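J.: A predicted structure for the sequence below; I have some questions about it.
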Amino acid sequence: MMLRDHAIRYGFIVLLFGLIAYFAVAADGFVSPQSAVFIFQSVAITGVLALGVTATLVVGGFDLSIGSVATSAMMAASYVMVVLEQNAVVAVVACLLIGVLVGLINGWLIVYMRVPDLLATLGMMFLLVGLQRIPTEGRSIATGMTMPDGSVANGKFSDAFLALGRHRFDFFIPNLIPVSVVVLLVLAVLIWFFLEYTRFGRMMYAVGSNERAAELAGAPVKAYKIWAYVISGVFASIGGILLAARLGRGDIASGNNLLLDAVAAALIGYAVLGAAKPNAFGTAVGAVFVGVLLQGLTMMNAPYYTQDFVKGVVLVVALVFTFALSGRGKR
Amino acid sequence: MGADAVFRVDGLRKSFGQNEVLGGISVELHAGEVTVLMGANGAGKSTLVKIISGVYSRGSGSMQLAGKVFDPQTPAEAIRAGVVTVHQNINDGVVADLDVATNLTLDRLSGKGVPTFFNPARVRREAKAVADRMGLAIDLKARVSDLSLADRQMVAIARAMAHRPKVLILDEPTSSLSSAEADRLFALIDRLREQGVAILYISHRMSDIRRLADRIISMRDGVVSGVFDRKPLDYEGAVNAMLGRKIHLDRVVARNSAHPVLTVEGLRIAPGARPISLTLGAGEVVAVTGLVGVGKTALAETLFGVRRPLSGAMTLNGKPYAPGSTGEAIAAGVFLVAKDRGENGIVGGFNIERNISLPFHRRMSRFSVLKRRIERATARRQIDELGIVCRSEKDEMSALSGGNQQKVMVARWMAQEARLFILDEPFQGVDISARRDIAAKLRASADGRATLLFVTELDEALETADRILVMSEQTIVGEHRNADIDLERLLAEVAGGPLHSAA
Amino acid sequence: MTITRRFLGKLALGLAGATMLMQAPALAADKPAPFDKPGVKIALVRYLSTGDFFQAYLSGVEAQSKALGVDLRVLDSRQDAALQADMVDQAIALGVQGIIIQHGLTESMKDAAQRAVDAGIKVVAFDVNVENPKIPQIEQSDRDLARLALEQAVKDNGESWKAGYVYVAGIAPLDRRNETWVDVKKKFSGINEVAMFGTLDNPIANSVANQARSVLSAHPDIKVMFAPYDEFAKGVKIAVDEAGMNKDIKIYSADISTSDIAAMREPDSAWAATAATNPAVVGQVSVRALAQLLAGEDPGHNVIVPPTLITQKDLVDKDIKNMEDLSAKLPQFAHADVAMPAWMPNPNAK
């Protein structure tokens, strides 16, 4: 029984370290500060999205629109800077507003219109995939592009904005840590503290576990649910900002892969430390886990489809940890 | 009279594991009569119905229908033999997405000898015949999901009657109907009675029972505790038999209160209900009793801000009190231990400590950050206070017994000082010792606040309260100081007898 | 759906030729029948239409139609294969003389195309094989695209280097480009492919960048990255920049867009060269081949639009900033001398 408890609690962390040890031996150059930083960088965007979707999972909801919120934010940032020729601050604010707005609409649909969460956010996903194409009639946005009316967009990505994707902070080694990694870590700590230590986070868990009990304990349940979707929307839009800064252009994309990777990270997070519930620390570990795997596999020349396969295996194993071994698969 | 019983149950027993639910029940039903079956929750009514309708198999005993052995193995067999049941949940009896005509003939769509092809004209013809026989005035082409609850209920019954049963069982058919809607249902039942159907009618509503009953059978703890068939029917006797009357060993010493905490004036909690007025004083424990469905929970939820009253005013500590949400109620010092803890109380993902702190996060945090040390200290104190049996405050709720879970729910709300402390069915699913502990704790800590309990079991009220209020038909119909109680009058009030002036 | 979107994304090229719309039709009298009189009707029946590539292709078709003075009807099935076949019948009913079938599925279009031919209508097909000897196939040559880029790589780096290769199997144009890469590796034994990777997870550039970073840390000695699709190349470039290896590695790719031009023009950009076909030109060639058929000439069964090599040096020297500059300053990109009989008006001619 004790062994089993320990397996549930530390199994996944042990697995992670085992994996790192294996790649350290099998793949040249895997162990280095740069490599470690890179793992974080490669999961920064999906990690930020995963932290956001964790908030909706905590209140017993789900957000399928995060991927398309991220790509819509990316398009919006590009549009603001390239077509409207505004500066980085305007672009960032526009993205965050999109995140807030989408979160509010999702929350409104789910709480007041009684649309089931999966369906509401699925609808929002399609809506955004379409919406992001309307201003440019389906063209990708880049400096010098021709607009539908034949004019040429002359704005460009401001250096300040691109720095969000390209600047690196010194950390023992010069130019080591990219901004996106710092953003990931800061947001992870923030949402972790929010969920674990504030009364708002605690009540969100209560809402997710027993909505009626939370309401009878005085919680404004509807407001909590809407806030969860706003958090999710804002985090997704921050992910979109990082994406735009890294790519330096606005690419039409559905963001479905971002969504799936983010959800995978959050679900893997259930298994970390035997939490058996959505949690920010687990989500972050889950994201890093996926990052380590992909980095190692790519370094060993594994083709892309084996990576999807391995991702799936990890997810399934994590879910077995969560639901079968810990015997808490009630929800 | 016993000779012409169309349906007879003899010495029926049924156990689930160790737990004997029916301990030798004998019941007779007569053609053209409405027999009302009364019983508190857990008396075994629904088990009996499920055995008769072929859902459960019987333990021992026998059943006879029209002189022949009746032993259905499946619900379908029971229906074919002529015993049809309309269950409490209306939507189980109809298919919402189909039209009325199809619903009325649905049972003929499957089974032997049914043509493979669906013939809409034939369906409508048959449905019309059924509807005419029942005097049903509903558009046969309407979709059931567009109908009112009452109409759906009618369709469900008409559908059952399409089998031309000898015995019809109605399980709390009016529980979700308004009184006008119920009247239509009663007219239908009268018609069926005239057609010679033997009807078993299960209900708590005294008004229904007065309107329909030819005979009353009371059940308690798995046995028949009374049969009443002499006119005029002895309704109080039936309620009495249903609730039982024990000798109360631990009678309380009733206290009086001088300082009113909550005053309620002209509160109406349901359309058509008479207004409620009451005063609760500091230090007293008041119990509201009444049958299931008379509006106890509605009143509790109105006081706690879950629902709004239709009219009336409340005053708490001399100030107007009109909570718009549970949060406002809690801020005003009104706490509610809701009934059905699994549904309304326990947060399954939280351990004991976090379940206890749930309503008081704001008071336990600084800058919205929870102070975990205070949270733990509170939990430990409350575990001690109520004698909750657990390893530590970190235990999961699922590890606790029902009684201890309920103690946690009570402990949650006793962690802070209340002005008005409401408990809705706090002894539900609680063993006798936990019940005594909770009651003792409530009485010991009652000083300085008003305590209001809602209980269906009269014994619980007698054991706990200083004052007992009786509810019936969504209003308060009687008040008794818990000393030298006139039990006859109290039971009459529970049974909905001639209304005494309310407090 | 995903595959198709990926496919669209894969082909996302820069927009060109929109400025070519403002052409006066050439004098009708110079041209053979039926173009000596106005009123010739042709139809463009599309399977794919969203994305930069298809926008540019359409603008090419429109420009050439205008130059020829023909009446163009555009029928867009939006990836509905059955509808596209119906639209061919619709075009027949409209009484058009010629039809261009743009993309689609062989299975659904083969019979429809045959019905059009039977109705006496001239048909050409772009990027869909309708298995009909009477229907010329318009193609851009993926093999030539890869060949041009790789020849430049050999020219720049010699015949011996370590290479990283970005490839996802199962996508027809990428598979054709891959054949050339395999041939080139055979021909130059000094070219050593140390890593192959690739993904179509969108946003593609972001996913490829993540992979490329891993590859670069495993193989810091790579000299050349062959990424024969511009989304791949963008991803590789992001990784190379992030690794600070932009002076040590050169990227060779296929396809071009305005943002690709910007990326190639960056100081010390690793992106050395790309080979591309101008989708607007492909559109023009489609119309011209159809016009030749209508005039009784034979454009040949396979009408191949040759690609153009675009190097970083070209872009910098000629100060090319976007697709319009590219068309204006690299004439071979703006116009292909394919299906160009003497009487054919050139939509690019000012």
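T.: Thanks, I have it. The structure displayed is predicted, hence computed values, not measured ones. Numbering: from 1, shown residues only, chains lettered A, B, ... in the order given.
J.: which residues of the chain fall in strands?
T.: I'll assume chain A. With DSSP state E as the criterion, chain A has strands at A:168-171, A:173-178.
J.: chain C was what I was after
T.: All strands of chain C, identified by DSSP E, fall at C:41-46, C:71-76, C:98-102, C:122-126, C:137-140, C:161-166, C:191-197, C:224-227, C:250-254, C:271-276, C:302-305, C:308-311.
J.: of all these, which one is nearest chain B?
T.: Each of these has some distance to chain B by Cβ to the nearest Cβ; the shortest is strand C:71-76, at 37.9 Å. No exception for glycine: its C-beta is placed from N, CA and C like everyone else's.
J.: quick one on the thing from earlier: got the strands of chain C as JSON lines, with mean neighbour count and distance to chain A columns?
T.: Converted to JSON lines, the strands of chain C look like this (neighbours: other Cβ atoms under 10 Å in any protein chain shown; distance: least, Cβ to the nearest Cβ, whole Å):
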{"stretch": "strand C:41-46", "mean neighbour count": "24", "distance to chain A": "14"}
{"stretch": "strand C:71-76", "mean neighbour count": "17", "distance to chain A": "12"}
{"stretch": "strand C:98-102", "mean neighbour count": "27", "distance to chain A": "16"}
{"stretch": "strand C:122-126", "mean neighbour count": "26", "distance to chain A": "19"}
{"stretch": "strand C:137-140", "mean neighbour count": "22", "distance to chain A": "20"}
{"stretch": "strand C:161-166", "mean neighbour count": "22", "distance to chain A": "10"}
{"stretch": "strand C:191-197", "mean neighbour count": "19", "distance to chain A": "6"}
{"stretch": "strand C:224-227", "mean neighbour count": "26", "distance to chain A": "14"}
{"stretch": "strand C:250-254", "mean neighbour count": "27", "distance to chain A": "15"}
{"stretch": "strand C:271-276", "mean neighbour count": "26", "distance to chain A": "13"}
{"stretch": "strand C:302-305", "mean neighbour count": "18", "distance to chain A": "21"}
{"stretch": "strand C:308-311", "mean neighbour count": "22", "distance to chain A": "15"}
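J.: could you dump those into JSON lines with mean pLDDT and distance to chain B added?
T.: Shown next, in JSON lines, are the strands of chain C (pLDDT from 0 to 100; distance: least, Cβ to the nearest Cβ, whole Å):
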{"stretch": "strand C:41-46", "mean pLDDT": "94", "distance to chain B": "41"}
{"stretch": "strand C:71-76", "mean pLDDT": "91", "distance to chain B": "38"}
{"stretch": "strand C:98-102", "mean pLDDT": "94", "distance to chain B": "45"}
{"stretch": "strand C:122-126", "mean pLDDT": "94", "distance to chain B": "48"}
{"stretch": "strand C:137-140", "mean pLDDT": "88", "distance to chain B": "53"}
{"stretch": "strand C:161-166", "mean pLDDT": "94", "distance to chain B": "46"}
{"stretch": "strand C:191-197", "mean pLDDT": "92", "distance to chain B": "42"}
{"stretch": "strand C:224-227", "mean pLDDT": "95", "distance to chain B": "48"}
{"stretch": "strand C:250-254", "mean pLDDT": "94", "distance to chain B": "50"}
{"stretch": "strand C:271-276", "mean pLDDT": "94", "distance to chain B": "50"}
{"stretch": "strand C:302-305", "mean pLDDT": "90", "distance to chain B": "57"}
{"stretch": "strand C:308-311", "mean pLDDT": "92", "distance to chain B": "58"}
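J.: make a markdown table out of these and add distance to A:Phe30.
T.: What follows is those, written out as a markdown table (distance: least, Cβ to Cβ, whole Å):
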| stretch | distance to A:Phe30 |
| --- | --- |
| strand C:41-46 | 48 |
| strand C:71-76 | 50 |
| strand C:98-102 | 47 |
| strand C:122-126 | 47 |
| strand C:137-140 | 41 |
| strand C:161-166 | 17 |
| strand C:191-197 | 14 |
| strand C:224-227 | 21 |
| strand C:250-254 | 24 |
| strand C:271-276 | 27 |
| strand C:302-305 | 45 |
| strand C:308-311 | 36 |
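J.: among these, which comes closest to B:Ile189?
T.: Nearest to B:Ile189, of all the strands of chain C, is strand C:71-76, at 64.8 Å by Cβ to Cβ.
J.: strand partners of the closest one, parallel vs antiparallel please.
T.: strand C:41-46 (parallel) (DSSP bridges).
J.: and the strand it pairs with with strand C:98-102, angle?
T.: Counting by axes from the mean of the first three to the mean of the last three Cα atoms, to 10 degrees, strand C:41-46 points 10 degrees away from the direction of strand C:98-102.
J.: hmm, who's touching strand C:41-46?
T.: Here strand C:41-46 makes contact (Cβ atoms under 8 Å, 6 or more residues apart in numbering or on different chains) with C:54, C:58, C:61, C:65, C:70-77, C:84, C:87-88, C:91, C:94-104, C:287, C:290.
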